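Novice: Could you work out the structure for the sequence below:
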Amino acid sequence: MSRSRQPPLVTGISPKEGAAWTKVTIRGENLGTGSTDLIGLSICGHNCLLTAEWMSASKIVCRVGPAKDDKGEIIVTTKSGGLGTSTVSFKLIRPERIGILDQSAVWVDEMNYYDMRTDRNKGISPLSLRPSNPLGIEIDKGKFPPKDLELTFPGMSGDFTSENFSATWYLIENHAGSSFEHLKFAAGNLKKQATKKNEGSLAYVKGGLSTFFEAQDALAAIHQKLESDGTERVEGSMTQRLENILNRASETADTLFQEVLGRKDKADSTRNALNVLQRFKFLFNLPLNIERNIQKGDYDVVINDYEKAKSLFGTTEVPVFKKVYAEVEMGIAALRTLLLEKLLQTPSTLHDQKRYIRYLSDLHAPGDPAWQCIYAQHKWILQLMQNCKDEFISGQRDGVGASGLEGDTRPSALSRLSHTASLKRGGSLRTPRPSTWGFETPQQVQFVEKLSDVVIGQLPNFWKLWISYVNGSLFSETGEKSGQVEKSKKNARQRQNDFKKMIEEMTNRLVKLIRGALLPTTLPKGELNMYGGWENKTELSGTWLTQIIHTVRGCHDALSALEIPNDLLQVIQDLLLDLRVHCLMVTLLHTTEDVKRLAEKEDWVVDNEGITSLPAQFEQCMVQMLQSLKEPLEIKPGEINVLQLDQVQDQAAELSVGIMKVFINCLEHLSTKSDGEMETSLNMSVDLSSPDRFSGVQETFSPTSEQRLLIILSNCQYLERHTFLNLADHFEKHGLTGTEKITRVSVDAVRELDRKLFDAYIERRADPIAGSLEPGIYAGYFDWRDCQTPTGVRNYLKEALVNIIAVHAEVFTVSKDLVPRILSRIVESVADEMCRLMQCVSSFSKNGALQARLELCALRDAIAAYLNAESNASFKLALEGLPQLHSGADKKLLEELLNKFKSSMQLQLTCFQPSCVQPIKR
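Specialist: Predicted structure coming up:
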């Protein structure tokens, strides 16, 4: 016989072991082209062809027979491929003999039971009672939608077991792609199956034909004999004699076997009772099993057993079954109570909550356990939040925040403001800190962080529990079949408003607790008792408030990530707005206090520009303030710009102006310090640019009141020209509004201080010089009307010039930029006084006029670099009031005396000439 295909190869069998008559599935390659091509199948040496059902070229289903070998190969033989091979084996399990009282775990498949004794001569496999492929060819499913087939064949069906079976429907659905040759082959298979079925029935009749004829002959003889005796009951007739014989035989049998039959009946009763116990041992053992499994926590096993018992005995009328089932129900009721208690226990994980809800749903617990759990969790979270506040208020956290009760708790490092915490579910919003941080952090800050951790740790699970409740994912497949899912969704729709109120209550509680700790004035008086109680705690600085804003923002972001509606989180946004505004105002107020303390840091060390470190310290303080406000003023998604609020703009601008004025007042206070106050202040050290820098010796320098005025004047000029402009740029860079107003008011204030200090210095330096002129002029009873020929400039004028030179040196030492302004004003005072004195003279002699002109010209020429319009006018008016010089000798004498004066005081007057000499830095 020639082969057209490869030999069959068995590569798998499932299951791989079992008892006789176990249904197995054989898989492999080249297992035949159809049921007719399969001519042999043996497992462990036993022929299993009779029970084989060919499914496809790679799959055969059959039952294992009672083979002799315990383990063997699976051999398939086909017409097209011949004798096959196997790469796997099957292990046959020998069943042990079971006694009458032994338990058995054998499951009888009643639907597909096969009895070799009765079905031996049948030509059709038992599996063919419900054949999955009656045509015996490969199934090729078409792509026709079932709806289209139903419309095409109304009232018909493609199921061949249906009364309305349609062959056309079946072929379109299962063999749309089969060729005509395959369909012809399938028709032949149908004819062979019909022939085998008819031949099997006929063979059964032929096998018992002789017995049938014998029985028919015996019945005919009895009928003939009875007819010969007649139909009536006559004494001595055959019928009567036969009846008597049968009665006696029955009585004798009863007498002989009565005791045996009695024992047999008793044994049958006992056997029947044992059979009942054995058959229904599941029910009788169930109450004890339920109790044991509950103790072990195997709730799934209990639920499965209960469902099975309920389906079998839930509606039974047998008294003993009803009694046992009642005990089962009592155990299940106790389990429901236990599971509900565990469900409502706090704290518990989301996994446990879902598990207990599913158990209660499968046990058909009354009420709505899922909603009860949601309600209990809601109350527990509220209590946790309240307990967190009470814990801090009552001081139960020993040693925490202790330093917050005294001193300034503001951290010096601004770098922690840049910290961004992870917002993962259940994560903490707290900033990484050193080990000593807990003793530095104020209690309000710790409270807000602890409260945020509570909310972020519990609210996400609470929200997810609700989502699972809404979409019905809390229930098992049993709950879905019993309608629990639809019932849950319906209840969720009805309770949406109730859950919304729960979320609102929790967010409101969070916000009110934080307001009570930080913004108690924003709470109604009736709620202060519940949410307040922080009166004795430390007032927080802007830096700590920034940390709190960071924490609250993280809490809001974590809740937003759960897709909680924004309207439920709006109260947190409102809290953030108030906190940001409060942080802005507190930062400005604390900066005001910091600026006040800057006066204590003045060391009076001036640089080459004539300013001290105070303006730079002030600018640095303001810049640090603006940097600390960067995070509070930052606009996160959903937030508004606090600086766009009119009231906030006005308050911020007013406080900023106040800071500027406070610093200006500090400068004024420094300028008016007494010498005694100066002695207690820090001594000024020599700068590196000092001529003594190489000696390394520090000088003790305490500025005089006039020097302080000059230094403050120099600082005022620097503030107006640089500092205020720089701060305006910083204000605009950080988004603060009202910069023009702040700058304008600050400049006006510093100019007013500058004017006051300038006038004070001029008064101190100019008045003594101008006041010394008149006594000097008339020293020695000098008389303009009677004086000798001039020989030079008198000493009073030289003394006045030396005093002016001393002022120049004093000013130049601090700031050369102040020299022209101050010297011009002093010269103006001196010129005005000289003019007044000359105008007061009633008459001049010739020598007196020459002496007066000499001194006026000498003074004017010496300080020519600092003359202004007023000074020139004064000198001009004074000279015009003197008699004119007419003789050439007088003019020559005047010129000689002027040159002599300039020559003699050339060194002293050099300071009045333009120079590149830089001021000495102290």
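Novice: Please count neighbours and contacts with C-alpha atoms only from this point.
Specialist: OK.
Novice: so where's the stretch 401-550 of the chain shaky on pLDDT?
Specialist: For the stretch 401-550 of the chain, applying pLDDT under 70 flags the ranges 401-439, 476-485, 536-537.
Novice: Now with 50, please.
Specialist: Residue ranges of the stretch 401-550 of the chain with pLDDT under 50: 401-439.
Novice: What segments of it are helices?
Specialist: Using DSSP state H, counting those that start in this stretch, the helices of the stretch 401-550 of the chain run over 443-471, 477-481, 484-494, 496-518, 525-531, 542-560.
Novice: Which helix or which strand is home to the residue lying closest to Glu639 once chain neighbours are set aside?
Specialist: Leaving out its chain neighbours, the residue that sits closest to Glu639 by Cα to Cα, 6 or more residues apart in numbering is Gln573, at 6.8 Å. Using DSSP states H and E, the element containing Gln573 is helix 570-596.
Novice: Counting by contacts, list what that helix packs against.
Specialist: Contacts defined by 3 or more Cα pairs under 8 Å, 6 or more residues apart in numbering; DSSP states H and E place helix 570-596 against helix 496-518, helix 542-560, helix 614-628, helix 630-633, helix 646-671.
Novice: right, and the helices of the stretch 401-550 of the chain - which one's nearest Leu344?
Specialist: Of all these, helix 443-471 sits nearest to Leu344, with 13.1 Å by Cα to Cα.
Novice: Report the buried residues of that closest one.
Specialist: By neighbour count on 16 or more other Cα atoms under 10 Å, the buried set for helix 443-471 is 443-463, 465-466, 468-470.
Novice: angle of that helix against helix 496-518?
Specialist: 170 degrees (axes from the mean of the first three to the mean of the last three Cα atoms, to 10 degrees).
Novice: Helix 443-471 versus helix 484-494: what angle between them?
Specialist: Angular relation of helix 443-471 and helix 484-494 on a 0 to 180 degree scale: 130 degrees, by the same axes, to 10 degrees.
Novice: any weak-confidence spans in the protein?
Specialist: For the chain, the stretches with pLDDT under 50 are 1-2, 100-129, 396-439, 680, 682-700, 916-922.
Novice: Can you show me the strands along this structure?
Specialist: For the chain, strands defined by DSSP state E occupy the ranges 9-14, 17-18, 23-29, 38-43, 46-47, 53-56, 59-63, 71-78, 82-83, 85-86, 89-92.
Novice: out of these, deepest packed?
Specialist: Mean neighbours per residue, mean count of other Cα atoms under 10 Å, is largest over those for strand 53-56, with a mean of 24.
Novice: And it, how far out from the chain middle?
Specialist: 58 Å (Cα atoms, centre = their mean, to the nearest Å).
Novice: which ones are touching Ala728?
Specialist: Taking Cα atoms under 8 Å, 6 or more residues apart in numbering, we find Ala728 in contact with 739-740, 743.
Novice: repeat for Asn803
Specialist: Ile769.
Novice: Could you report the distance from it to Val827?
Specialist: Distance, Asn803 to Val827, using Cα to Cα, to the nearest Å: 11 Å.
Novice: what do you get for Ser269?
Specialist: 145 Å.
Novice: More neighbours: which of those two?
Specialist: Taking neighbours as other Cα atoms under 10 Å, Ser269 and Val827 compare with Val827 leading, 27 against 12.
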